[in-house]
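Colleague: Predicted model and sequence follow; I will ask about them next.
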Amino acid sequence: MKNLFKPTFNKIFFCALLVLIALSFVSAFSEDELLLNSTLPLFVPLLLIFFFVKNNYLKISLISFVVLSFLGDLSSTFFKEYTLLNLSSMFYLLSYLQLIIIALTKFKILKVDKLIGLYLLVVFSINLYFLYTIFDILKILIPDANEVNMLGANGLTLMILTFVSFGVYLNTQTKQSIFFLVGVICFVFSVIIGYVNHYYLYDWIFVMLTRGLYALGLYQIFKYASLDTKTKREKVLRMKESDNFSSEKVLV
């Protein structure tokens, strides 16, 4: 029973996620524009602060993802003009590209089972067809061609990211790959619901779901980064132990 209430990094980090989800609910339910604008830019810094409570290392690719995501949050919150909204979409697009780079380092295409490879190819082709169909519909609904192109680019990037992440999971089936895949899926659904809310039907529940899923996606990516840091730390310790053992053998 004592262990249940004993503070650990995972519990504290999960509490940070709950705080963000609670903020998403309150700001969306109240429909207070000031509250909505001021809470979103807190997501990345809050999780980053709690991440560094235990970890002191973050890969450059993950740092790039975090910075770009924060810039996307910041610009989408405080700027409402179409040009600046496209700038926000560009930041998010670049952040997804960083995740693709991370996933590709784990994606060993030569080690992928042929059946799994065929399955992934079929799924990717079907999704590509649906994306093309939706893109044609958006060109009719949205008069701004640049905005449509940016939506299409984001959609294609997220689809490739999901495809690669799923491939990594099927090939490795590690805890790290699960965290990464779940984070990506959260981002995808967050973007989809955000598009529905912005272009089709506005509802505070959609706002809450968009932000809640985004917060959950960030949480999962930070959990992936935490495991990555742990793996690096263990590798360094093993190398030190190996060097010490080699030194002892030489002395003997």
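Modeller: Yes, it's here. Numbers count the residues shown, from 1 in each chain.
Colleague: where along the protein do the helices fall?
Modeller: Ranges of helices in the chain, per DSSP state H, are 2-5, 9-30, 33-39, 43-54, 60-78, 82-106, 114-141, 145-172, 175-199, 204-251.
Colleague: Confidence-wise, which of the ones you listed is weakest overall?
Modeller: Sorting these by mean pLDDT places helix 2-5 lowest, at a mean of 54.
Colleague: circling back to that earlier point, okay, the helices of the chain in CSV with mean neighbour count next?
Modeller: (Each C-beta comes from the backbone N, C-alpha and C, glycine too.) Output for the helices of the chain, formatted as CSV (neighbours: other Cβ atoms under 10 Å):
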stretch, mean neighbour count
helix 2-5, 6
helix 9-30, 16
helix 33-39, 14
helix 43-54, 17
helix 60-78, 18
helix 82-106, 18
helix 114-141, 12
helix 145-172, 19
helix 175-199, 19
helix 204-251, 16
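Colleague: So for residue 72, what's the nearest residue that isn't a sequence neighbour?
Modeller: residue 91 (3.6 Å; Cβ to Cβ, 6 or more residues apart in numbering).
Colleague: How much space separates that neighbour from residue 212?
Modeller: Distance from residue 91 to residue 212, counting by Cβ to Cβ, to the nearest Å: 21 Å.
Colleague: swap in residue 224?
Modeller: 19 Å.
Colleague: same thing with residue 158?
Modeller: The spacing between residue 158 and residue 212, counted by Cβ to Cβ, is 18 Å.
Colleague: what do you get for residue 185?
Modeller: Counting by Cβ to Cβ, the gap from residue 185 to residue 212 is 14 Å.
Colleague: again with residue 57
Modeller: Distance, residue 57 to residue 212, using Cβ to Cβ: 28 Å.
Colleague: now swap in residue 9 and tell me
Modeller: Distance of residue 9 to residue 212, given as Cβ to Cβ: 22 Å.
Colleague: One more: residue 69?
Modeller: 16 Å.
Colleague: so what's residue 96 up against?
Modeller: Going by Cβ atoms under 8 Å, 6 or more residues apart in numbering, residue 96 touches 154, 157, 158, 161, 187.
Colleague: hmm, try it at 6 Å
Modeller: Contacts for residue 96 (Cβ atoms under 6 Å, 6 or more residues apart in numbering) come out as 157, 158, 161.
Colleague: Could you export the residues you listed to CSV, including columns for distance to residue 98?
Modeller: Formatted as CSV, the contacts of residue 96 follow (distance: Cβ to Cβ, whole Å):
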residue, distance to residue 98
157, 11
158, 13
161, 10
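Colleague: just checking, residue 73 touches residue 42?
Modeller: No. Between residue 73 and residue 42 there is no contact, the gap being 8.6 Å when judged by Cβ atoms under 6 Å.
Colleague: what's around residue 8, how many residues?
Modeller: Neighbourhood size, residue 8 [other Cβ atoms under 10 Å]: 10.
Colleague: contacting residues for residue 229?
Modeller: Per Cβ under 6 Å, 6+ apart, neighbours of residue 229: 55, 57.
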